[in-house]
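Colleague: Sharing a model prediction with you, sequence too.
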Amino acid sequence: METTEAFEGLRCFDCGERVDAMATGRCPDCGGILDPTYDYEAVSLSTGGPVASMWDYEAVLPFPAASANRMGAGGTPLVACPELADRMGVDRVFLKDEGQNPTGTFKDRGAAVSVAAAAAAGADDVALSSAGNAGHAAAAYADAAGLDAHVFLPERAGFTQKAMVEVHGGDLHVAGGEEAQIGDAGRAYERAMADNEAWQSVKTFVTPYRHDGKKTMAYEVIDQLGGEVPDGIVYPTGGGVGLVGMHKAARELRTMGHIDELPGMYVAQSSGCAPIVDAYEAGDDRHEPWADVETVCGGIAIPDPGASDLVLEAVRESDGGAVATDDEAILDAAVEVARHTGLEMAPACAAAASGASELADRGEFGPDDTVVLLNTGAGSKDADALRAHVGERNAG
Ligand SMILES: Cc1ncc(COP(=O)(O)O)c(C=O)c1O
Ligand SMILES: [Zn+2]
């Protein structure tokens, strides 16, 4: 597959080593995470217009839309939420509704680019472990590209996510037991990868391409605001891939002279699994793995996020922050947003809504501020947890 004009290859975040473009993997020298790089002087990007899909930004993606765009991911609406703005005491709140992607979450953006990279490298098979949504997205994009997907999910992943992997013809492996967490799925994936050398990984921060695909969320937000940089972007954070990607996008836009300021990047987690918030509050550069995960927020229940150093760096460089709220507040926020705006947030995503309120209560935002909440996925993908909460509220 051809690459785009400005795409230069990959560079290691840790040691700076340059690596020729390849489908997958970490730095051959130090094992660090690899990052696609571009010759920004060769990029021609028209900004400020309406957004049709993430492929409007192909000039800052590795592969051209003509070969890599299969389902038109991205181009999701940025919806004004004046009721939330009133309650938070800020000028404007917008919700970026990633639930409107083909498989119902922002994971489509990372899957589109990482599966394209695997296809470009001539792979027949891709594999990953995931909390659920990334597995669903990878199965769909692999299906569209004619590749086989091997998807390792923990038992606690949602019914919809497991079901749709199989609908796409994916090879679904469920790491057993109700107590199983994402780490158990990860170990099953590692064993299978060791036995199948030809499989290409599309796992978080093993492939260098998922954060690059997800960076298009920030390109879209800034274009949809007519070129304005929001004061804060509140992101429901698990591994932090999307946050690292959006911060990269903001830096790229600054390098290319389109913006002057970076948007403040805010981590929102559940207090039932908040390793990055803990590290932020302690002033540490990396997280300590979290032992007991206790949250219904499946997508962000990542007890050992491997790129926490990149996330924390992005938060600090952009003068953002980090906040954890409890599951009750998160589920309440999902219901309140649904009832005031009609928009459906999954529990993991509603951590951004309740986290933003908490940040506002702490005085983090000013009355002239514009705050964007990332609704990373559709509420209907995790309807059970939302409905159970409504049932409990009605009973109580
Ligand atoms: C709906 C949803 N939101 C957020 C996340 C967290 O993504 P990231 O790894 O970018 O922090 C996930 C990941 O599984 C998810 O499914
Ligand atoms: Zn390296």
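Modeller: Yep, it's here. Ligands and ions are numbered 1, 2, ... in the order given.
Colleague: what are the ranges of the strands in the stretch 51-200 of the chain?
Modeller: For the stretch 51-200 of the chain, applying DSSP state E, counting those that start in this stretch gives strands covering 78-80, 92-97, 125-129, 148-154, 171-175, 200-201.
Colleague: In a markdown table, list these along with mean neighbour count.
Modeller: To be clear about C-beta, it is placed using only N, CA and C from the backbone, and glycine gets the same treatment. Listed next are the strands of the stretch 51-200 of the chain as a markdown table, based on neighbours: other C-beta atoms under 10 Å:
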| stretch | mean neighbour count |
| --- | --- |
| strand 78-80 | 15 |
| strand 92-97 | 24 |
| strand 125-129 | 26 |
| strand 148-154 | 26 |
| strand 171-175 | 19 |
| strand 200-201 | 24 |
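Colleague: Go through those strands and name the closest to residue 349.
Modeller: Minimum separation from residue 349 across the strands of the stretch 51-200 of the chain (C-beta to C-beta) falls at strand 92-97, 9.3 Å.
Colleague: who does that closest one touch, helix- and strand-wise?
Modeller: Secondary-structure packing of strand 92-97 (3 or more C-beta pairs under 8 Å, 6 or more residues apart in numbering; DSSP states H and E): strand 78-80, helix 82-88, helix 216-224, strand 370-375.
Colleague: Tell me the secondary structure at the residue nearest to residue 267 when sequence neighbours are not counted.
Modeller: Spatial nearest neighbour of residue 267, excluding adjacent residues (C-beta to C-beta, 6 or more residues apart in numbering): residue 322 at 4.0 Å. With DSSP: H, G, I helix; E, B strand; the rest coil as the basis, residue 322 sits in strand.
Colleague: who touches residue 322 in this structure?
Modeller: 266-269, 276-277, 280-281, 315 (C-beta atoms under 8 Å, 6 or more residues apart in numbering).
Colleague: Any idea which of the strands of the stretch 51-200 of the chain gets closest to residue 7?
Modeller: Here strand 200-201 is closest among the strands of the stretch 51-200 of the chain (C-beta to C-beta), at 18.3 Å.
Colleague: Show the secondary-structure elements that the helix or strand following the closest one is packed against.
Modeller: The C-terminal neighbour of strand 200-201 among helices and strands, as given by DSSP states H and E, is helix 210-214. Applying 3+ C-beta pairs under 8 Å, 6+ apart, we find helix 210-214 packed against strand 34-38, helix 107-120, helix 241-255.
Colleague: got the residues of the stretch 101-250 of the chain near ligand 1?
Modeller: 105, 131, 133-134, 204, 236-242 (C-beta under 6 Å from any ligand atom).
Colleague: try 5 Å
Modeller: Residues of the stretch 101-250 of the chain lying close to ligand 1 (C-beta under 5 Å from any ligand atom) are 131, 133, 236-242.
Colleague: No more questions from me, cheers.
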